[in-house]
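Engineer: predicted model, plus sequence, below.
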Amino acid sequence: MAKYTLLTGSTGLLGRYLLRDLLLAGKRLAVVVRPSRQQTIQQRIESILQFWENDLQMQLSRPVILAGNITEENLGLDEESRQWIAEHCDAVIHSAASLTFLEEADGEPWRTNVGGTHNVLQLCHDTNIRKLHYVSTAYVCGMREDRVYESELDCGQAFRNDYEKSKLQAEQLVRGDDFIEELTVYRPAVIAGDSRTGYTNTYHGLFLYLKIMCILARNTEPDSDGVRRTEVQLHLTGEEQRNVIPVDWAAAVISHLFCNTEAHGRTFHIAPQVRMTPRQMIEAGCSYFNSTGVEFIGHAEELELSDGELQRHAYENSTLYRDYEYSDPEFDLTNLEKFAGHLPCPVIDEAMFHRFMKYGEEDNWGKRRLPEARNPLNVGKLLEKAVRNVPTRQDQPFENQHPKQELCLDLTGPGGGQWIITLKGDQIIALKPGSNSSSCATITMPADLLVALMQKDSSGDLSQGQKLAGPLSTLKAKVSSGVDGSPEQLFIVALGRAVADQACDRSDYDLLPRKDQSQPA
């Protein structure tokens, strides 16, 4: 049986790229998601996947979506979901994390980074999952300035903030759990936007500095030469080395390492070979905004905070990251270069900085309202309805002539998903999420196509069900080699019978908000 991998953090910046790349690699995924104030768990994942489908111009498979929250006991999963994980999953990628730097009243970042990791480990115990891929951070090294090796963890180092401390404790938790037989640890450096598009959904780290630059430049009137004079002093030399990586590269490397079993059981620094400097960032900003006036005064000089509003604004809004301005170590990349050396980190040059700034401005630095995702038919709900509507046939000849058969249905694109369907003759008698594609016939097709076929069959003509198997081989559907009795054809006929007496009504369109529904800001 093709096993699933349970992924946490799939709605975060790195997580949504991991979701995309692992699906593109053909991996079966289940995701633990909590609803937001605006969206259900299905809506959150569907929005992300439709974003990728628009970008890639292709349809993606859908993960199994489980309602949960890693900060709760059992990840907030119900008994049915935990049982499903025990039966279908053999590995966990734990990517969820809180980026809160200083402890807050709700317990973050400790609640998510330490408590959430403890809960993930407990779930592994309860569901007999012994392979864990843990996304840590390179900054478990704390305030070190020397070369940091992949084999090192607790060296008595000091820390800049609670985020670093909490991630160290979390990594110690996973390393100290003897139940986990195969632990792979990924330690990314500072994650920035997409190297190709500039995309981000979070404005921390590098993007905070880019936002400050934008505010300063856009609020400074150009002089007669069209140049903006942003007179700001920076307590830096400008040549400090910074470990910043594009998110698409980080996800591509982690996905590659996950798919290579030879790489498992190791620790990887996901860090750049060529580091950026503050001077490169400032020069890129000056060329982007046609500005000048930023001065690097070195570490020994005192800043003159009374020199003006621009200086004060720049200083006050960057205090959270001040400790990172003075120290950033060199990370050993031995394992990374051995197993992913063919995937070099893109150098963050002027053009990439410009893409970051352009995207930030277009996105209004996170305040832009994104277009609504397409409103697909809830195919899962319709399949469940089909099962409920099947009349029970208990006559002995039918029971004897028609043994149970399983069929896997993999629907790609909006509204898609995977289901294991149990057939008895031309009746669907059971439906459960997931796939067992290695041991039963599989239909892979766009969800839209199945909906269209089902709607064709809603005319009431039962003979239409017999005609639906044909289009599967011609209308972009891929039918795997079946077993005796052609379960894939029986499924189409059975589905036709189940929905023949009812049209697809609006109640089935509940996966995403309707166009006329107002959404909270």
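Structural biologist: Sure thing, it's come through. Numbers count the residues shown, from 1 in each chain.

Engineer: ok, for residue 408, nearest residue in space, not its chain neighbours?
Structural biologist: Once flanking residues are discounted, residue 408 sits nearest to residue 442: 4.2 Å by CB to CB, 6 or more residues apart in numbering. (Glycine included, C-beta is placed from N, CA and C.)

Engineer: can I assume that neighbour sits in a strand?
Structural biologist: Yes. Assessed by DSSP: H, G, I helix; E, B strand; the rest coil, residue 442 belongs to a strand.

Engineer: excluding sequence neighbours, find me the nearest residue to residue 123.
Structural biologist: According to CB to CB, 6+ apart, the nearest residue to residue 123 is residue 75 (5.6 Å).

Engineer: what residue ranges in the stretch 151-300 of the chain score low on pLDDT?
Structural biologist: 300 (pLDDT under 70).

Engineer: what about the helices in it?
Structural biologist: 162-175, 206-218, 247-259, 278-289 (DSSP state H, counting those that start in this stretch).

Engineer: which residues does the first one contact?
Structural biologist: Contact with helix 162-175 is made by 94, 97-103, 109-110, 113-114, 117-118, 121, 132, 134, 136-137, 139-140, 142, 153-154, 159, 180, 183, 185, as judged by CB atoms under 8 Å, 6 or more residues apart in numbering.

Engineer: mark which of those are buried, thanks.
Structural biologist: Neighbour-count burial (16 or more other CB atoms under 10 Å) is assigned, among the contacts of helix 162-175, to 94, 97-101, 103, 109-110, 113-114, 117-118, 121, 132, 134, 136-137, 139-140, 142, 153, 159, 180, 183, 185.

Engineer: quick one, strands of the stretch 201-350 of the chain?
Structural biologist: 228-234, 244-246, 267-270, 291-296, 330-331 (DSSP state E, counting those that start in this stretch).

Engineer: the longest one pairs with which strands?
Structural biologist: It refers to strand 228-234. In the sheet, strand 228-234 lines up against strand 291-296 (parallel) (DSSP bridges).

Engineer: next one: the residue nearest to residue 333 when sequence neighbours are not counted relative to residue 141, how far apart?
Structural biologist: Closest residue to residue 333 apart from its sequence neighbours, by CB to CB, 6+ apart: residue 269 at 5.7 Å. Going from residue 269 to residue 141 by CB to CB, to the nearest Å gives 9 Å.

Engineer: if I look at those two, which residues touch both of them?
Structural biologist: Residues within reach of residue 269 and of residue 141 at once, by CB under 8 Å, 6+ apart, are 148, 331.

Engineer: my guess is residue 142 contacts residue 157. True?
Structural biologist: Yes. Counting by CB atoms under 8 Å, residue 142 touches residue 157, with 3.4 Å between them.

Engineer: can you say which of the helices of the stretch 151-300 of the chain is nearest to residue 191?
Structural biologist: helix 247-259 (5.1 Å; CB to CB).

Engineer: helices or strands next to that closest one in the packing?
Structural biologist: helix 13-24, strand 131-135, strand 182-188, strand 190-192, strand 267-270, helix 334-340 (3 or more CB pairs under 8 Å, 6 or more residues apart in numbering; DSSP states H and E).

Engineer: ok, and what's touching the last one?
Structural biologist: Contacts of helix 334-340 from elsewhere in the structure, counted by CB under 8 Å, 6+ apart, are 149-150, 253, 256-257, 260, 262-263, 266-271.

Engineer: got a PyMOL select line for the buried ones in those?
Structural biologist: Buried residues among the contacts of helix 334-340 (16+ other CB under 10 Å), as a PyMOL selection:
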select buried, resi 150+253+256+257+263+266+267+268+269+270+271
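
Engineer: make sure residue 324 is actually in contact with residue 161.
Structural biologist: No. Taking contacts as CB under 8 Å, residue 324 lies outside contact range of residue 161: 9.4 Å.

Engineer: give the intersection of the neighbour lists for those two.
Structural biologist: Counting by CB under 8 Å, 6+ apart, residue 324 and residue 161 have no contacts in common.

Engineer: shouldn't the residue nearest to residue 123 be within a helix?
Structural biologist: Yes. The assignment for residue 75 by three-state DSSP puts it in a helix.

Engineer: need the helices of the stretch 151-300 of the chain in TSV with distance to residue 332, can you?
Structural biologist: Shown next, in TSV, are the helices of the stretch 151-300 of the chain (distance: least, CB to CB, whole Å):
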stretch	distance to residue 332
helix 162-175	16
helix 206-218	23
helix 247-259	15
helix 278-289	23
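
Engineer: quick check: which of the strands of the stretch 201-350 of the chain is buried the most?
Structural biologist: Neighbour counts (mean count of other CB atoms under 10 Å) averaged over each of the strands of the stretch 201-350 of the chain peak at strand 267-270, with a mean of 25.

Engineer: strands paired with that one, and their directions?
Structural biologist: strand 182-188 (parallel).

Engineer: flag every buried residue along the partner strand.
Structural biologist: In strand 182-188, counting by 16+ other CB under 10 Å, buried: 183-188.

Engineer: list the contacts of it.
Structural biologist: Counting by CB under 8 Å, 6+ apart, 14, 130-138, 140, 150, 171, 174-175, 245, 250, 254, 257-258, 263-271, 331 sit against strand 182-188.

Engineer: quick one: contacts for the residue nearest to residue 363 when sequence neighbours are not counted?
Structural biologist: Take residue 363 and drop its neighbours on the chain: the residue closest to it by CB to CB, 6+ apart is residue 200, 7.9 Å away. By CB under 8 Å, 6+ apart, residue 200 lies in contact with 13, 192-194, 207, 247, 356, 359-360, 363.

Engineer: which one of those is nearest to residue 7?
Structural biologist: residue 13 (14.0 Å).

Engineer: next, the distance between the ends of stretch 98-107.
Structural biologist: 11 Å (CA to CA, to the nearest Å).

Engineer: list the pairing partners of whichever strand or helix holds residue 423 within its sheet, with orientation.
Structural biologist: In the assignment (DSSP states H and E), residue 423 maps to strand 417-424. Using DSSP bridges, the strands paired with strand 417-424 are strand 404-412 (antiparallel), strand 427-433 (antiparallel).

Engineer: which parts of the shortest one are buried?
Structural biologist: When you say that, I think you mean strand 427-433. 427-428, 431, 433.

Engineer: please apply the same query to the first one.
Structural biologist: Neighbour counts using 16+ other CB under 10 Å place 405-412 of strand 404-412 among the buried residues.

Engineer: next, the angle from that strand to helix 13-24.
Structural biologist: Angle of strand 404-412 versus helix 13-24, following axes from the mean of the first three to the mean of the last three CA atoms, to 10 degrees, is 130 degrees.

Engineer: rounded mean pLDDT for strand 404-412, please.
Structural biologist: In this model, strand 404-412 has an average pLDDT of 86.

Engineer: also stretch 323-330?
Structural biologist: When pLDDT is averaged over stretch 323-330, the result is 80.

Engineer: ok, residues contacting that stretch?
Structural biologist: Residues contacting stretch 323-330 (CB under 8 Å, 6+ apart): 141, 143-148, 160-161, 190, 235-236, 240-243, 275, 278, 299, 318.

Engineer: distance between the ends of it?
Structural biologist: 16 Å.

Engineer: show me what counts as buried in that stretch.
Structural biologist: 324-325, 328-329.

Engineer: quick one, phi psi at residue 54?
Structural biologist: The phi/psi pair for residue 54 (degrees, to the nearest 10) reads phi -70, psi -40.
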